[in-house]
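Engineer: Compute the structure for the input listed below.
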Amino acid sequence: MISKDVLISYIQKAMPDAVVTVADRTGTMDHYRVQIVSEAFRGRNLLDRQRFVYQALSEPMQDGRIHALEIKSYTPEEAPTQAPSGH
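Structural biologist: Down below sits the predicted model:
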């Protein structure tokens, strides 16, 4: 298990400008959906972005604190606008 705050800190260590949104998909604190907006993704294709995030989270992925991870990665210009609450 890993808390959302610790997960975010791993990402922000690799990408200090990252705006990270985390959702616990199962309530077990080991299956997460993350949305990351960072300049670090500029010029990187989707696979490179995924690799970069997995590298940032390599420790909790290897020791089992993160079992499953769904990643959405964007540059600031690509970031979706927030949907209204409740939708």
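
Engineer: Centre-most residue in this protein?
Structural biologist: For the chain, the residue nearest the mean C-alpha position is Val34 (3.7 Å; CA atoms, centre = their mean).

Engineer: which residues touch the nearest residue to Ala56 once chain neighbours are set aside?
Structural biologist: Once flanking residues are discounted, Ala56 sits nearest to Ala14: 3.6 Å by CB to CB, 6 or more residues apart in numbering. From N, CA and C alone the C-beta is placed, and that goes for glycine too. In this structure, Ala14 makes contact with 40, 52, 55-56, judged by CB atoms under 8 Å, 6 or more residues apart in numbering.

Engineer: cool, and Gly64?
Structural biologist: Residues in contact with Gly64 (CB under 8 Å, 6+ apart) are Asp30.

Engineer: Doesn't Thr21 belong to a strand?
Structural biologist: Yes - counting by DSSP: H, G, I helix; E, B strand; the rest coil, Thr21 is part of a strand.

Engineer: how about the nearest residue to it once chain neighbours are set aside, secondary structure?
Structural biologist: Spatial nearest neighbour of Thr21, excluding adjacent residues (CB to CB, 6+ apart): Gln35 at 4.3 Å. Following three-state DSSP, we place Gln35 in the strand state.

Engineer: which residues sit in contact with Asp30?
Structural biologist: Contacts of Asp30 by CB under 8 Å, 6+ apart are 1-2, 64-68.

Engineer: give me that answer again for 7 Å
Structural biologist: By CB atoms under 7 Å, 6 or more residues apart in numbering, the residues touching Asp30 are 1-2, 65-67.

Engineer: next one: Gln50
Structural biologist: Ile71.

Engineer: part of a helix, is it?
Structural biologist: Yes - with three-state DSSP as the criterion, Gln50 is assigned to a helix.
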